[in-house]
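Q: okay, predicted coordinates and the sequence, questions at the end:
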Amino acid sequence: MKKILLVCNAGMSTSMLVAKMKKAAEAKGADVSIEAKSLSEAKAEISEADIVLLGPQIRYELNNVKKIAGSVPVEAIDMRDYGMMNGEKVLAHAMEVMGA
Amino acid sequence: MSEEFELICMQMITNSGSAKSSYIEAIQKAKEGDFEGAERLMEEGDQFFSEAHGVHGNLLAKEASGEKTEFSLILMHAEDQMASTEMAKVLAREIMELYQKK
């Protein structure tokens, strides 16, 4: 099972996007776990993830998170998809990057 | 909570969040000595932030005209994001000036 980790400041708005992504994953029958974490919580789990996605409010941490993540891909979520809570599109992009 | 209202809040969160990132990236540019790049990021931040203010302003105008806004934690969170972005903006400007004097 692939693991998608979403990161923002408090994990609040991101958890709303996660709910939409989970629905999209269910509809597709995709075998993924999707979680939202705050940055400090996420740090310990980054190495176990298959992809890390950052919310727009924490995009400025992109380079720092990339350093911690090593070979795990790290990306900022497209702000339009984030604002429209387009779980389907964010999921599809993550699956593509993970090669799943 | 209606889906439409949820999206209004997300627009505020996304735009003020993007603005905050731009302001902090402006500080990072100034730290590298790239003041033009920093200035561009401050402008980019202002554009995002005014989007957020526009959406928020519409809610305020509606409330002022008697149409009560739905209350929710996500709206509070959106306003909280806007307040912290405001602070990031003021501090980014000050810190950029400090780097410029160095």
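A: Structure received. Numbering: from 1, shown residues only, chains lettered A, B, ... in the order given.
Q: tell me, what residue is most central in chain B?
A: For chain B, B:Ser16 is the residue whose C-alpha lies nearest the centre (Cα atoms, centre = their mean; 2.8 Å).
Q: what's around residue 32, how many residues?
A: In the absence of a named chain, chain A is used. By other Cβ atoms under 10 Å in any protein chain shown, the residues close to A:Val32 number 21. For glycine as for every other residue, the C-beta is placed from the backbone atoms N, C-alpha and C.
Q: not quite, I wanted chain B
A: The tally of other residues near B:Glu32 (other Cβ under 10 Å) stands at 10.
Q: what does A:Asp50 give?
A: For A:Asp50, the neighbour count with other Cβ under 10 Å is 19.
Q: skipping adjacent residues, who's closest to residue 89 in space?
A: This is for chain A. Taking Cβ to Cβ, 6 or more residues apart in numbering or on different chains, and ignoring the residues beside it in sequence, A:Lys89 has A:Asp81 as its nearest neighbour in space, at 5.0 Å.
Q: sorry, should have said chain B
A: The shortest distance from B:Lys89 to any residue other than its chain neighbours is 5.2 Å, reached at B:Tyr23 (Cβ to Cβ, 6+ apart).
Q: show me what the helix or strand where A:Lys67 lies is packed against.
A: A:Lys67 is part of helix A:62-69 when elements are defined by DSSP states H and E. Using 3 or more Cβ pairs under 8 Å, 6 or more residues apart in numbering or on different chains; DSSP states H and E as the contact definition, the elements that helix A:62-69 packs against are strand A:51-54, strand A:74-76.
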